[in-house]
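Asks: model the structure of this input:
(one chain, ligands or ions: 1)
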Amino acid sequence: MSKEVEAELLAVNQQLLDAIAQGDWGTYSELCDPTLTAIEPEALGHLVQGMEFHSFYFKLSGGQVKPQNSMRDVHIRILGDVAVVAYYRLTQYVDGDGHPGTRGTEETRIWQRQNGRWQHVHFHRSPSQKT
Ligand code: GLY
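Replies: Modelled structure (predicted):
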């Protein structure tokens, strides 16, 4: 049973990362609880609450080639109706000059089962500590 739940969580987390990469606000906002809290480099050390802060980045047009996000070293902990998904995120991208690159960040995302579906309620992203 927990393997099935882990697979569900992997799928929903990947769906969220794909929505971010594609600039797909509809999917992103459906997967998130409206009271989402976040700590991420863009917030300069502050905790941000709600969806408005995140919506800004989805309005940017982005390059022609969308980035691709994948998870490495994933660890999932299920605590009843809450789950912690921690991993290293690799983002492959093409810069403004057409050169491909990869960057990495460390992420922890918290999901809560609400009315039978996983909703994203909190995340913390840090710049990569890997050298
Ligand atoms: N900045 C949006 C997210 O990582 O969920």
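
Asks: and the longest strand anywhere in the chain, what does it pack onto?
Replies: Secondary structure assigned by DSSP state E gives strand 100-114 as the longest strand of the chain. With contacts taken as 3 or more Cβ pairs under 8 Å, 6 or more residues apart in numbering; DSSP states H and E, strand 100-114 sits against helix 2-22, strand 82-94, strand 117-127. Where you see a C-beta, it was placed from the backbone N, CA and C, and this is true even at glycine.

Asks: and the helix or strand following the longest one, how far from the chain's centre?
Replies: Counting by DSSP states H and E, the next helix or strand C-terminal to helix 2-22 is helix 25-31. Between the mean C-alpha point of helix 25-31 and the mean C-alpha point of its chain there is a distance of 11 Å (Cα atoms, centre = their mean, to the nearest Å).

Asks: ok, now stretch 75-95?
Replies: On Cα atoms, centre = their mean, the centre of stretch 75-95 falls 7 Å from the chain's centre.

Asks: format the helices and strands packed on strand 100-114 as CSV; extra columns: mean pLDDT.
Replies: Formatted as CSV, these follow (pLDDT from 0 to 100):
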stretch, mean pLDDT
helix 2-22, 97
strand 82-94, 97
strand 117-127, 97
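
Asks: in JSON lines, list the ones you listed along with distance to the ligand and mean neighbour count.
Replies: Below are the helices and strands packed on strand 100-114 laid out as JSON lines (distance: least, Cβ to the nearest ligand atom, whole Å; neighbours: other Cβ atoms under 10 Å):
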{"stretch": "helix 2-22", "distance to the ligand": "5", "mean neighbour count": "16"}
{"stretch": "strand 82-94", "distance to the ligand": "9", "mean neighbour count": "17"}
{"stretch": "strand 117-127", "distance to the ligand": "6", "mean neighbour count": "17"}
